[in-house]
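Visitor: what would the 3D arrangement of this be:
(one chain, ligands or ions: 1)
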Amino acid sequence: MASHPDTKVDCSKVYIKASSFATPDNQFDGAFALVPFKEGELIEKGVMRRLPDGFDGNTCPYIFTWSTERPNKTWGMGSGTSAFYNTAAEGDANTKMVRFFDEDRFEIYATRDIEKDEELTHTYVSLKWRTCFADLNEIVHAKK
Ligand SMILES: C[S@@+](CC[C@H](N)C(=O)[O-])C[C@H]1O[C@@H](n2cnc3c(N)ncnc32)[C@H](O)[C@@H]1O
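Guide: Next comes the predicted model:
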């Protein structure tokens with residue numbers, strides 16, 4: 001799909017459907033590769049919108065940690081399909097998000113070759129400490 005050369009948001013190579021991690025009792029969506037990707041290739045780029053001061057992202061799994069400060073106080077809402085990527089333990093994820101905090105934008109890259117229709121995952125930087133990910137952190141690491 002064509003995209004404008006000036007666009008700040010391009011998620012045209014990703015689609016959303018029921019996740020491969022979903023179970024009959026726990027249905028949810030995930031992001032999938034519309035085309036094959038080579039290791040190191042850009043999958044998606046987009047912009048981040050900072051949430052108001054005082055917003056507690058510990059209670060919301062759909063937004064992003066948007067600083068290197070710990071405990072983190074800055075949270076962001078990502079464009080495109082970024083909020084739909086499910087997670088995997090470090091070393092298992094097939095993508096990584098590169099954060100440009102000073103420009104409020106991000107890029108997501110393939111960390112290995114990815115087949116068309118493979119589910120896309122990245123290791124959430126907050127997986128080990130964010131309150132709303134406590135159960136998910138155990139699930140992800142129990143699979144290791
Ligand atoms: C950023 S959202 C990802 C998109 C979400 N699955 C949806 O349908 O909107 C994070 C949430 O997805 C689910 N999730 C992410 N990775 C998962 C995994 N590996 N196994 C099970 N659930 C996962 C958890 O409910 C988590 O709180």
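Visitor: near the ligand, which residues of this structure are found?
Guide: Where the chain comes near the ligand, counting by CB under 6 Å from any ligand atom, the residues are 19, 21, 28-30, 61-62, 83-84, 86-88, 136, 139-140. Placement of C-beta: from N, CA and C, glycine included.
Visitor: of these - the most surrounded one?
Guide: Within these, neighbour counts (other CB atoms under 10 Å) peak at Val140, which reaches 23 neighbours.
Visitor: distance of the closest residue to Ile114 other than its chain neighbours from Leu120?
Guide: Distances taken as CB to CB, 6 or more residues apart in numbering place Phe37 nearest to Ile114, at 4.3 Å, with adjacent residues excluded. Counting by CB to CB, to the nearest Å, the gap between Phe37 and Leu120 amounts to 9 Å.
Visitor: so who does the residue nearest to Ile114 touch?
Guide: Lys13, Ile43, Ala110, Asp113, Ile114 (CB atoms under 8 Å, 6 or more residues apart in numbering).
Visitor: filter the residues of the chain next to the ligand down to the ones in helices?
Guide: Leu136, Ile139, Val140 (DSSP state H).
Visitor: the most centrally placed residue in the chain and Asn137, how far apart?
Guide: For the chain, Tyr85 is the residue whose C-alpha lies nearest the centre (CA atoms, centre = their mean; 4.2 Å). Plainly put, Tyr85 is 16 Å away from Asn137 if you go by CB to CB.
Visitor: and the helices in this protein?
Guide: 134-142.
Visitor: remind me, longest strand of it?
Guide: If you go by DSSP state E, the chain has its longest strand at strand 42-50.
Visitor: in it, what counts as buried?
Guide: Ile43, Glu44, Lys45, Gly46, Val47, Met48 (16 or more other CB atoms under 10 Å).
Visitor: once you drop chain neighbours, what's closest to the third one?
Guide: If I follow you right, that is Lys45. Glu107 (4.7 Å).
Visitor: that neighbour: how many residues sit nearby?
Guide: 15.
Visitor: same thing with Cys60?
Guide: Neighbour tally, Cys60, other CB under 10 Å: 14.
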